[in-house]
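Undergrad: give the three-dimensional model of this entry:
(4 chains)
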Protein chains: 2
Amino acid sequence: MDDPIFDFLSKYIDLTEEEKAIISDIKFVRSLKKGTILLRQGDMASECFFILKGCVYSYYLVEGEVKVTEFFEEKQPITPVSYTTKQPSEYYLECLEDCIISMGSPERTAELMQKIPRLALMGPMMLEDELASQRIKYDTFIKLSPEQRYLHLQENSPQLLERIPQYLIASYLGIKPESLSRIRKRLVK
Amino acid sequence: MDDPIFDFLSKYIDLTEEEKAIISDIKFVRSLKKGTILLRQGDMASECFFILKGCVYSYYLVEGEVKVTEFFEEKQPITPVSYTTKQPSEYYLECLEDCIISMGSPERTAELMQKIPRLALMGPMMLEDELASQRIKYDTFIKLSPEQRYLHLQENSPQLLERIPQYLIASYLGIKPESLSRIRKRLVK
DNA sequence: CCACTTTCTTAACCCAGGTCAATGAAAAAT
DNA sequence: ATTTTTCATTGACCTGGGTTAAGAAAGTGG
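TA: Model (predicted):
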């Protein structure tokens, strides 16, 4: 059973083969085309996601302009703020490529928890991890200039630069595509 | 019993008078002078904090320059990343004013949990709240220009502008004090 | 294979914020 | 009260990113 989902879960908890079978049974997987919007600003998130294959990004639309806040790749869970707060979402989630995604609904989660109560232990652990990475993300952004942020990205997530169009990378770095072009030109020297 | 700490706890849990007495008994409060450093970069955080009176800020020192990431005021808990991850801290925590602070150590927390097991329920709730506010902070920073960030701060936390020296506000907004002066000048018109 | 769209680059010009330096005001120390 | 230090403002000049517009390159679909 080499499902990426078990690879992910093993970071938090060791599962027996029976438990894995239960999860495989309940989980709900969908194939989605590039450009599919998983969550719209103003909508309530009724699902959380786990990426088996492909790439998703989150962005705000402010005065018609896309402001990218995050890229998600294989083996990453996506829990929209709206899913936890039950408030309308402030941002969008969209597939950047054709994706295979495992969808989590409150009902399926409840069923899982009921059949494998131990899974509940994972919640706080995941929250802690997410909080830590969210803080690091903010702090890194604050500390670095756009050019340094590009170098930092190149250093820490080079695969994103291969995979994602530059105008979205630019937005993620807080600048315009033209400026990213210039930064790259400056750096080759 | 109008201790600010109970005011804070009541957001998450209703405590009986006996429970409050237990907490009052265990809790460890200290008065600290302005300028006291609660946590140093490179040090392990052995305590978490709850501000009863005063004001604390967190900052990175990057190439000798202070980069403020947060201000904490009365009734706010401070859980350093280092306290949870058990890794050396990347940033400083310093008292901006004379402070009265309740200090939490792993030992005292364990004692509390043992005497009031129900308190453990608070952990995930607080994590969730912190994660949400951390995300909002990041997203707001990304979305706004320095000038808009100043207006946003004026709108949402006017008391900080009264309380905190401008050169630290500037750093928090990601700009230099001179630029904040100019922004303010621009805005009075 | 070609047309069409999307993405990337370049150039010219503008502007907000950075830098450096001087001055003034306020707070702290003695 | 006076000195010293810290903080805020202002001005002149610099610089990196924004804007606009154009063209080149790379994908995409027919």
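Undergrad: show the contacting residues for residue A:86.
TA: With contacts defined as CB atoms under 8 Å, 6 or more residues apart in numbering or on different chains, residue A:86 is in contact with residue A:44. From N, CA and C alone the C-beta is placed, and that goes for glycine too.
Undergrad: ok but residue A:69 is inside a strand, no?
TA: Yes - counting by DSSP: H, G, I helix; E, B strand; the rest coil, one finds residue A:69 located in a strand.
Undergrad: neighbours of residue A:20, how many?
TA: Number of residues near residue A:20 (other CB atoms under 10 Å in any protein chain shown) recorded here: 16.
Undergrad: hang on, it packs against residue A:6?
TA: Yes - applying CB atoms under 8 Å, one finds residue A:20 in contact with residue A:6, separated by 5.9 Å.
Undergrad: and the strands in chain A?
TA: A:28-32, A:37-39, A:48-53, A:56-62, A:65-72, A:77-78, A:92-95, A:99-104 (DSSP state E).
Undergrad: OK, contacts around the residue most central in space within chain A?
TA: By CA atoms, centre = their mean, the mean C-alpha position of chain A lies nearest to residue A:72, the distance being 3.3 Å. Residue A:72 makes contact with A:51, A:55-58, A:78, according to CB under 8 Å, 6+ apart.
Undergrad: any idea what it is bridged to?
TA: Beta-bridge partners of residue A:72, counted by DSSP bridges, are residue A:56.
Undergrad: export the strands of chain A as a markdown table, with columns for distance to DNA strand C and mean pLDDT.
TA: Shown next, in a markdown table, are these (distance: least, CB to the nearest atom of the strand, whole Å; pLDDT from 0 to 100):
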| stretch | distance to DNA strand C | mean pLDDT |
| --- | --- | --- |
| strand A:28-32 | 17 | 92 |
| strand A:37-39 | 15 | 94 |
| strand A:48-53 | 20 | 94 |
| strand A:56-62 | 12 | 94 |
| strand A:65-72 | 10 | 94 |
| strand A:77-78 | 21 | 96 |
| strand A:92-95 | 12 | 94 |
| strand A:99-104 | 16 | 94 |
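Undergrad: can you say which of the ones you listed is nearest to residue A:138?
TA: Closest approach to residue A:138 among the strands of chain A is made by strand A:65-72 (10.6 Å; CB to CB).
Undergrad: and the angle for the closest one with strand A:48-53?
TA: Following axes from the mean of the first three to the mean of the last three CA atoms, to 10 degrees, one obtains 70 degrees for the angle between strand A:65-72 and strand A:48-53.
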